[in-house]
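Q: model the following, please.
(chains A and B)
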Amino acid sequence: MSEAGAKAGKQARPSKFVVARASDVPEGSRILVRVLGREIGIFNVGGRFHAILNRCPHQGAELCKGDIIGRVESDCPGEMRLDPSQKFLVCPWHAWEYDIETGQSWRDVSDENSSRPYSSARSYGLGLRAGKKLAAGLSRGDIEVSTENAEFVDTVTHRVKGPYEAHILPVSVDDDYIVLSLTTALTTESDQLDE
Amino acid sequence: MEADAPGPPVLNSGTRASTWRGPIIDVDIHAVVPSLDSLTPYLDKVWIQHIAEREWTGPPTAIIYPPNLDASARPEWRPGDGRLPATEVSMIQADLLDPLDIECGILNCVYAIDGGPPDFSVAMARAVNDWLIAEWLEADSRLRASIVLPTRDDPAAIAAEIDRVGCHPGFVQALLPARSGGMYGKRLYWPVFEAIVRNDLVAGIHWGGSNNGLPSTPSGWPSTYIEEYVSEVQVFESQLISLLAEGTFQRFPELRVSFLEIGFTWVPMWMWDLDRNWKGMRREVPWLKRPPFEIMREHVRFSTAPLDAPSAEELAPVIEWLGPQNLLLFATDYPHMHDDDLVTLLGALPEDKHAQVMAESAREWYRLGPATRESDV
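A: Sure thing, here's the model as predicted:
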């Protein structure tokens, strides 16, 4: 990190963090990272990356250890269809559904008629950065290579396989990196790097 | 009727005038088939011969309603001359319709002819329904009735009987015994609900039927009648969950279902449980786009008898838990004896629901038409 970046860091910590190499989170997998004390799940769903706080807004379960499923719809018994364009993260405790893109809880959990509406799961902005672009950001100090810890979560068994060695992320200009933003709520299209 | 004459037992110490001045619609009055002989005018000769040859004496009723128990007939409502309670329209008039000044009463006959050989079951159901028309509906314009249905093994036959008599203006409901070999939400029963909706009737889930040899509990046969009686709510609960979960109300958006003679204090707890689990298991039943309790409130009503709460104070919160919409329809469950007290029921209800529970909700639910008395509110 440059001197200028270090100074900026003392005044206001960077809000963007390099959390993994893109190739470390292949399609269908996820990792858990800890950034500024927050445990955040990074998901690769169908080639798109998503970040969600590992805390279900309902009762605090480890949301990011739940299944990812497609949206099931029906207008009448006798017909059922899967909408593969919308994916839900399903809380392992009560199986409530949260939109993986937005963290929005699905159906009545935020029902306006409910006397106890539940908030959405916290989602974060994620982007892919090419290594050479990242290097510039690092030198300016507005991005930090900072994961206190990153865990890989097996998507089938939900068992934590052990500490993922991501404390040090050597920045290679040949790789793409996943950059987590704590200030942007939603991933913008421009942040998603075309594969 | 004298304004302050003592009312029937259901008023306990009160009078009609002192207890409730508005109209009353009673959604659960029993009409009892006195004997097989009373049905022979409505039976084909082939079945009269069948009955004689088999020495069949009628469907068993003692398990569900032991004849000498007060719960089966209130002492005040037993004729005491050898005739069985609730077997003639004059008994209901004298015991109930006149003293309680009932504007309209819905007859539920729980004659268990839904078992046995299918053609015989169909013939018996037709006979009971024709007997209800001739000897009850035509005898008193205040009466309406539920269609008695044949064998549950043959939904097409059930639908055919609903179509045969459903257009009679006296029939407002078709009776489905709760303790059935089948869960009514199953698609097997779609033709039945189709016929019910087609004839603009209500589906009434009620005690009775032949039980198909099924106990009142999922854990086997109880030892005593008290267990039998109190446990039976479980089969009603299962039927309600089945109808909701299987999407019966999405398949038949016009369908109205009444749960009769099973009280209602159990309803909020089961609906909370269903709602809670629906949040996580919605994918199994994706046609339920709203919490099932909400859907239930639009499609299901409950008769008030028996009243399972010891006091108005304890009953009031349960009624509140059912939601702002009124789901309750007043019933005496004549001639059965419960500890029901109209004062307790009215005391548990907010003032603005009294008229709904006593008559107006039933009038709308069963499409009974405007009030008939000039003094009616």
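Q: following the one helix or strand in chain A whose mean pLDDT sits lowest, which helix or strand shows up next?
A: Every helix and strand in chain A was compared by mean pLDDT, DSSP states H and E; the lowest is strand A:160-164, with a mean of 37. Later in the chain than strand A:160-164, the nearest helix or strand by DSSP states H and E is strand A:176-181.
Q: mind listing what the nearest residue to B:Leu97 once chain neighbours are set aside touches?
A: Setting aside the residues directly before and after it, B:Leu97 is nearest to B:Arg142 in space (CB to CB, 6 or more residues apart in numbering or on different chains), at 5.7 Å. Where C-beta positions appear, they are placed from N, C-alpha and C, glycine not excepted. Residues in contact with B:Arg142, defined by CB atoms under 8 Å, 6 or more residues apart in numbering or on different chains, are B:Leu97, B:Ile102, B:Glu103, B:Cys104, B:Gly105.
Q: most neighbours, which of these?
A: Counting neighbours by other CB atoms under 10 Å in any protein chain shown, B:Gly105 comes out on top of the contacts of B:Arg142 with 27 neighbours.
Q: other residues contacting the strand or helix carrying B:Ala145?
A: For B:Ala145, the host element (DSSP H and E) is strand B:143-147. Residues outside strand B:143-147 that contact it (CB under 8 Å, 6+ apart): B:29, B:31, B:89, B:92, B:104-109, B:129, B:132-133, B:136-137, B:161-162, B:165-166, B:170-175, B:201, B:204, B:206, B:366, B:368.
Q: so which of these belong to helices?
A: With helices defined by DSSP state H, the entries of those inside them are B:Val89, B:Ile92, B:Asn129, B:Leu132, B:Glu161, B:Ile162, B:Val165.
Q: and the residues you listed, which is closest to chain A?
A: Of all these, the one sitting nearest chain A is B:Ile162; the distance, using CB to the nearest CB, is 21.2 Å.
Q: rewinding a little: out of the ones in helices among the contacts of strand B:143-147, the closest to B:Asp352 would be?
A: If you rank the ones in helices among the contacts of strand B:143-147 by distance to B:Asp352 using CB to CB, B:Ile92 comes first, at 30.6 Å.
Q: surely that closest one and B:Asp26 touch.
A: No - in this structure B:Ile92 lies outside contact range of B:Asp26 using CB atoms under 8 Å: 9.7 Å.
Q: shared neighbours of these two, anything?
A: Listed contacts common to B:Ile92 and B:Asp26 are B:Gly105, B:Tyr334; contacts here mean CB under 8 Å, 6+ apart.
Q: name only those of the contacts of strand B:143-147 that count as buried.
A: B:29, B:31, B:89, B:92, B:104-109, B:129, B:132-133, B:136-137, B:161-162, B:165-166, B:170-175, B:201, B:204, B:206, B:366, B:368 (16 or more other CB atoms under 10 Å in any protein chain shown).
Q: just the ones of those residues in strands?
A: Cross-referencing the buried ones among the contacts of strand B:143-147 against strands under DSSP state E gives B:29, B:104-108, B:171-175, B:204, B:206.
Q: just these now: which is nearest chain A?
A: For those, the closest approach to chain A (CB to the nearest CB) belongs to B:Ala174, at 20.9 Å.
Q: show me the beta-bridge partners of that closest one.
A: Counting by DSSP bridges, B:Ala174 is bridged to B:Ile147, B:Ala203.
Q: partners of the helix or strand where A:Gln86 lies in the sheet?
A: Following DSSP H and E, one finds A:Gln86 within strand A:81-90. Using DSSP bridges, the strands paired with strand A:81-90 are strand A:68-73 (antiparallel), strand A:97-99 (antiparallel).
Q: would you tell me which one of the ones you listed is buried the most?
A: strand A:97-99 (a mean of 23; mean count of other CB atoms under 10 Å in any protein chain shown).
Q: for it, the averaged confidence score.
A: Strand A:97-99 carries an average pLDDT of 85.
Q: and the next helix or strand past that strand?
A: strand A:123-130.
Q: pLDDT-wise, which helix or strand of chain B ranks last?
A: Scoring the helices and strands of chain B by mean pLDDT, DSSP H and E places helix B:16-19 at the bottom, with a mean of 87.
Q: point me to the residue of the stretch 51-200 of chain B nearest chain A.
A: Nearest to chain A in the stretch 51-200 of chain B, going by CB to the nearest CB, is B:Arg187, at a distance of 7.1 Å.
Q: these two touch, right, that residue and B:Pro155?
A: No - counting by CB under 8 Å, B:Arg187 sits too far from B:Pro155 to count as a contact (9.8 Å).
Q: those two - which one has more neighbours?
A: Comparing B:Arg187 with B:Pro155 by other CB under 10 Å, the one with more neighbours is B:Pro155, at 21 against 13.
Q: tell me the contacts of that one?
A: Contact analysis of B:Pro155 by CB under 8 Å, 6+ apart lists B:Leu188, B:Tyr189, B:Trp190, B:Pro191, B:Val192.
Q: go ahead and confirm the last one touches B:Ile158.
A: What it means is B:Val192. Yes - using CB under 8 Å, B:Val192 is in contact with B:Ile158, at 4.9 Å.
Q: common neighbours of these two, please.
A: B:Leu149, B:Ala174.
Q: which one of these two has more residues nearby?
A: Per other CB under 10 Å, whichever of B:Val192 and B:Ile158 has more neighbours is B:Ile158, with 27 against 22.
Q: off-centre distance for the one helix or strand the more buried one maps to?
A: Using DSSP H and E, B:Ile158 maps to helix B:155-165. In terms of CA atoms, centre = their mean, to the nearest Å, the centre of helix B:155-165 is set 19 Å apart from its chain centre.
Q: what angle do it and strand B:143-147 make?
A: Counting by axes from the mean of the first three to the mean of the last three CA atoms, to 10 degrees, helix B:155-165 points 160 degrees away from the direction of strand B:143-147.
Q: just say helix, strand or coil for the spatially closest residue to B:Ala112 that is not a sequence neighbour.
A: For B:Ala112, ignoring the flanking residues on the chain, the nearest one in space by CB to CB, 6+ apart is B:Pro59 at 3.8 Å. Local secondary structure at B:Pro59 is given as coil here, using DSSP: H, G, I helix; E, B strand; the rest coil.
Q: so B:Pro59 touches B:Gly115, yeah?
A: Yes - B:Pro59 is within contact range of B:Gly115, at 7.5 Å (criterion: CB under 8 Å).
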